[in-house]
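Engineer: what follows is a protein structure lacking sequence information:
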């Protein structure tokens, strides 16, 4: 299963975390894509530690067990991430480290979790 994570409008940490929560259906503060039940525990804490925790249990419905369960092999394809990387280089590094940690967690369970940061292809300029 491929999931595209488009970080086009994410020029800071908060926007990037909100986008990840929205796309991965993690739930979150003030209804960042609410989880599938009316439980008071609606989702994750919108910080890097919470993202790491949430990603480590995608296969069981997230931290509260009420998020959609993706099919494995699972591939996260990050696109349009350049602005976030350039404006928040340390946070981008943290994101990459979390992706690698998550990959290793699922690998131990025999599940494929793949992530890539896809570089946009430059359009060829037309000769005049």
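Structural biologist: Thanks, I have it. What you see is a predicted model, and the numbers here were worked out from it, not measured in a lab. Numbering: from 1, shown residues only.

Engineer: check which helix or strand covers the most centrally placed residue in the chain.
Structural biologist: With distances taken as C-alpha atoms, centre = their mean, residue 20 lies nearest the centre of the chain, 4.0 Å away. Here residue 20 sits within helix 13-23, counting by DSSP states H and E.

Engineer: in that helix, what counts as buried?
Structural biologist: Across helix 13-23, burial judged by 16 or more other C-beta atoms under 10 Å covers 13, 16, 17, 18, 19, 20, 21. Bear in mind the C-beta positions are built from the backbone N, C-alpha and C, glycine included.

Engineer: show me where pLDDT drops low in the chain?
Structural biologist: For the chain, residues meeting the criterion pLDDT under 70 lie at 28-43, 121-128.

Engineer: for it, which helix is longest?
Structural biologist: For the chain, the helix that runs over the most residues, judged by DSSP state H, is helix 89-108.

Engineer: what's the angle from that one to helix 13-23?
Structural biologist: Orientation check (axes from the mean of the first three to the mean of the last three C-alpha atoms, to 10 degrees): helix 89-108 against helix 13-23 gives 30 degrees.

Engineer: contacts for helix 89-108, please.
Structural biologist: Under the criterion C-beta atoms under 8 Å, 6 or more residues apart in numbering, residues 13, 16, 48, 51-52, 55-56, 59, 72, 74, 76, 81, 84-85, 112-115, 117 lie in contact with helix 89-108.
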